[in-house]
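Undergrad: mind looking at a prediction? Sequence and model below.
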Amino acid sequence: MILSVSMAAQVASVTAMYGVPFVLPQLRDAYGMTTAQAGMLAGLPAFGLLLTLLLWGVVIDRFGERATMAISLALTAGALGLLATVRGPLGVGGVLLLAGAAGGPVNAASGRLILSWFAARERGLAMGIRQSALPLGMGLAALVLPAAAERWGFLGAMMLPAVAAAASVPLVLLLSAPPAPAAGADGRPTGDAAPARRGSPYRGWALWRVHGVSMLLGVPQIALLTYALVYLVEEHGWGAPAAGAVVAAAQLPGALGRLLLGVLSDRTGDRMRPVRALSAVSCAALLLLFAAPAALPWTAVPLLLGCLVLSMCHNGLTFTAVAEIAGTSWAGRALAVQNWLQAVSTTLTPVLMAVVITGAGLPAVFAVSALFAAAAVAAAPVTSARS
C-alpha cells in the first residue's frame with residue numbers, strides 16, 4: 001500500500017511537472033508565441049524545481065513525508081488551477097514556475113517513506129519500483145495530454161494533472177503514515193524504523209561520492225535520450241517514427257533492469273558495487289557505439305539499444321544508497337540534494353553535447369559520454385546496506 005501511494009503521488013507530480021512539452025503546439029497557439037518561446041515556458045517548471053528543492057528537503061525532515069507530500073500536491077494542483085486566471089505568456093510563465101517550485105519534494109519524500117517502511121533486504125527492489133514512476137508518469141503524459149489538448153486546448157489538458165495531483169492528496173493523508181517504531185528491551189525504538197539522530201552525513205565522503213556518481217551517469221543517460229533518435233535519422237537514414245520506436249523499445253527493459261539490480265543489491269547488501277560494474281559495462285558499450293557502426297553499420301541499433309538500457313539502470317540503487325547513508329533524520333535533505341544535482345546534470349548535458357557535436361560530430365557524443373561513465377567507476381564508493 002505504501003509503495004502504491006508513493007508511486008501514485010510521484011506519477012501525479014511528474015505529469016504536472018513535465019507534461020507541458022507534450023502540449024507545446026497548443027500552448028504556442030493559445031498565446032500567440034513562437035515554438036522557441038513556448039519551449040522556454042515549458043522549461044520553467046524544471047527551473048522552479050531547482051529554486052526550491054533544497055528547502056523542501058529541510059521541510060521533509062522537519063515535518064515528515066505525509067505532510068510534505070500532501071502540501072506539495074495541493075499546491076501543485078492550485079498552481080495549475082491558476083492557469084484559468086492569467087492572460088498572456090508572462091502570466092502563464094509565472095504559473096508554470098510556481099507549479100515547478102511547488103512540486104519538487106514528492107520524489108524525495110516518497111523515497112524517505114520507502115526508507116522508513118522497508119527493511120534493508122527488500123529496500124533496493126522497493127526503491128527500484130518507486131523509481132519506475134518517473135518513466136511511467138512521462139509515458140502517461142505522452143499518451144493522454146496530446147489527445148486532451150487536441151480536444152480541449154492547452155488549458156483543458158493541463159487541468160488533468162491538476163486533478164490527478166488534487167486526487168492524490170487524500171490518498172497520501174490517509175494511507176502514508178510513518179511506521180510505528182519497534183520497541184527494544186529498554187523501551188526505545190529499534191530497527192530500520194527507529195529515527196536515526198546523528199551528525200550530518202555530509203561530514204564524510206561516501207554520500208558526496210554517490211551524488212557525484214549520479215551526476216556523472218546522468219550525462220550518458222540524458223545524452224542518449226536526447227540524441228538517439230537524431231543519430232539514427234541523420235547518421236543511418238532512418239525515418240523519425242521508426243527511430244522513435246527504437247528509443248521506446250528500450251524503456252521496458254530499462255525499467256526491468258532497475259528492478260533486477262534492486263533485487264541483486266538486496267541479496268548482497270551492497271548498493272554501489274553493482275553501479276560500479278554497470279558503469280564499466282556502459283563505458284565499454286558507449287565506446288563500441290562510437291567506433292563500430294562506422295565499419296559495421298548493422299551494429300548501430302543493437303549497440304544503441306544496449307546503451308539506452310544500461311543508462312537507465314542505476315537510478316534506483318543510487319537513490320537507495322543515498323537514503324541509507326543519510327539515515328531517516330537526514331534522508332529528506334539528502335534525497336533533495338540528489339534530485340537537485342541530477343537536475344543540474346540534466347540541464348547542462350544538452351549544452352555540453354551541443355558543443356561536442358559542433359566540434360566533432362554527432363557520434364562523438366557517445367565517446368564523451370563514455371568518459372563520464374569511466375569517471376563514475378572511479379567515483380563509486382562501496383556501501384553496504386547491512387553494515
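TA: Done, it's in.

Undergrad: any idea how far residue 16 is from residue 140?
TA: Using Cβ to Cβ, to the nearest Å, residue 16 is found at 11 Å from residue 140. Every C-beta, even on glycine, is put in place using the N, C-alpha and C of the backbone.

Undergrad: same check, this time on residue 148
TA: Taking Cβ to Cβ, one finds residue 148 at 11 Å from residue 140.

Undergrad: still on that earlier bit, neighbour count: residue 16 and residue 140, which is higher?
TA: Between residue 16 and residue 140, residue 16 has the larger neighbour count (other Cβ atoms under 10 Å), namely 29 against 19.

Undergrad: correct me, but the more buried one touches residue 162?
TA: Yes - using Cβ atoms under 8 Å, residue 16 makes contact with residue 162 at a distance of 7.0 Å.

Undergrad: which residues do the two both contact?
TA: The overlap between the contact sets of residue 16 and residue 162 (Cβ atoms under 8 Å, 6 or more residues apart in numbering) consists of 76-77, 80.

Undergrad: most neighbours among those, which one?
TA: Within these, most neighbours by other Cβ under 10 Å means residue 76, with 31 neighbours.

Undergrad: by mean pLDDT, point me to the weakest helix or strand of this protein.
TA: None of the helices or strands of the chain scores lower by mean pLDDT, DSSP states H and E than strand 189-190, at a mean of 36.

Undergrad: in which helix or strand would I find the closest residue to residue 160 other than its chain neighbours?
TA: Nearest non-adjacent residue to residue 160, counting by Cβ to Cβ, 6 or more residues apart in numbering: residue 148, 5.8 Å away. Counting by DSSP states H and E, the element that carries residue 148 is helix 133-175.

Undergrad: average pLDDT across that helix?
TA: Regarding helix 133-175, the rounded mean pLDDT is 87.

Undergrad: what do you get for stretch 244-256?
TA: So the average pLDDT for stretch 244-256 ends up being 78.

Undergrad: for that stretch, buried residues please.
TA: 246-247, 250-251, 253-255 (16 or more other Cβ atoms under 10 Å).

Undergrad: now, which of these lie within helices?
TA: Using DSSP state H, the subset of those located in helices is 246-247, 251, 253-255.

Undergrad: so residue 375 makes contact with residue 216?
TA: Yes - if you go by Cβ under 8 Å, residue 375 and residue 216 touch, sitting 5.1 Å apart.

Undergrad: ok, those two, which is more surrounded?
TA: The neighbour comparison of residue 375 against residue 216 (other Cβ under 10 Å) goes to residue 216, with 23 against 18.

Undergrad: contacts for stretch 39-46?
TA: Outside stretch 39-46, the residues within contact range by Cβ under 8 Å, 6+ apart are 16-18, 20-21, 24, 27, 33, 89, 92-93, 96-97, 99-100, 103, 343, 346-347.

Undergrad: C-terminal to the stretch of helix or strand residue 351 belongs to, what's the next element?
TA: If you go by DSSP H and E, residue 351 is part of helix 331-360. Once the chain leaves helix 331-360, the next helix or strand it forms, by DSSP H and E, is helix 364-379.

Undergrad: roughly how far apart are the residue nearest the centre of the chain and residue 277?
TA: By Cα atoms, centre = their mean, the mean C-alpha position of the chain lies nearest to residue 134, the distance being 5.7 Å. Separation of residue 134 from residue 277 (Cβ to Cβ) stands at 23 Å.

Undergrad: likewise for residue 67?
TA: 39 Å.

Undergrad: with residue 334 instead?
TA: 24 Å.

Undergrad: flag the shaky bits of this structure, pLDDT-wise.
TA: Scanning the chain with the threshold set as pLDDT under 70 gives 178-198, 240, 383-387.

Undergrad: domain ranges for it?
TA: Structural domains annotated on the chain: 2-174, 202-379, as defined by automatic domain parsing.

Undergrad: residue 239: how many residues sit nearby?
TA: Here the number of neighbours of residue 239 (other Cβ under 10 Å) works out to 10.

Undergrad: now the helix or strand where residue 79 lies, how far from the chain's geometric center?
TA: According to DSSP H and E, residue 79 maps onto helix 65-81. Taking the mean of its C-alpha atoms, helix 65-81 sits 19 Å from the chain's own mean (Cα atoms, centre = their mean, to the nearest Å).

Undergrad: in terms of secondary structure, what does it contact?
TA: Helices and strands touching helix 65-81, as assessed by 3 or more Cβ pairs under 8 Å, 6 or more residues apart in numbering; DSSP states H and E, comprise helix 2-18, helix 44-63, helix 88-102, helix 105-117, helix 133-175.

Undergrad: okay, the angle between that helix and helix 88-102?
TA: For helix 65-81 against helix 88-102, the angle by axes from the mean of the first three to the mean of the last three Cα atoms, to 10 degrees is 170 degrees.

Undergrad: show me the contact partners of helix 65-81.
TA: With contact meaning Cβ under 8 Å, 6+ apart, helix 65-81 is reached by 9, 12-13, 16-17, 56, 59-60, 95, 98-99, 102-106, 109-110, 112-113, 116, 158-159, 161-163, 165-166, 168-169, 172-173, 176-178, 332.

Undergrad: narrow these to those that are buried.
TA: Among the contacts of helix 65-81, the ones that count as buried by 16+ other Cβ under 10 Å are 9, 12-13, 16-17, 56, 59-60, 95, 98-99, 102-106, 109-110, 112-113, 116, 158-159, 161-162, 165-166, 168-169, 172-173, 176, 178, 332.

Undergrad: residues near the nearest residue to residue 177 once chain neighbours are set aside, how many?
TA: Computed as Cβ to Cβ, 6+ apart, the closest residue to residue 177 that is not its neighbour in sequence is residue 66, at 6.3 Å. Residues near residue 66, counting by other Cβ under 10 Å, number 18.

Undergrad: also residue 120?
TA: By the criterion of other Cβ under 10 Å, residue 120 has 18 neighbours.

Undergrad: can you check residue 267 too?
TA: 11.
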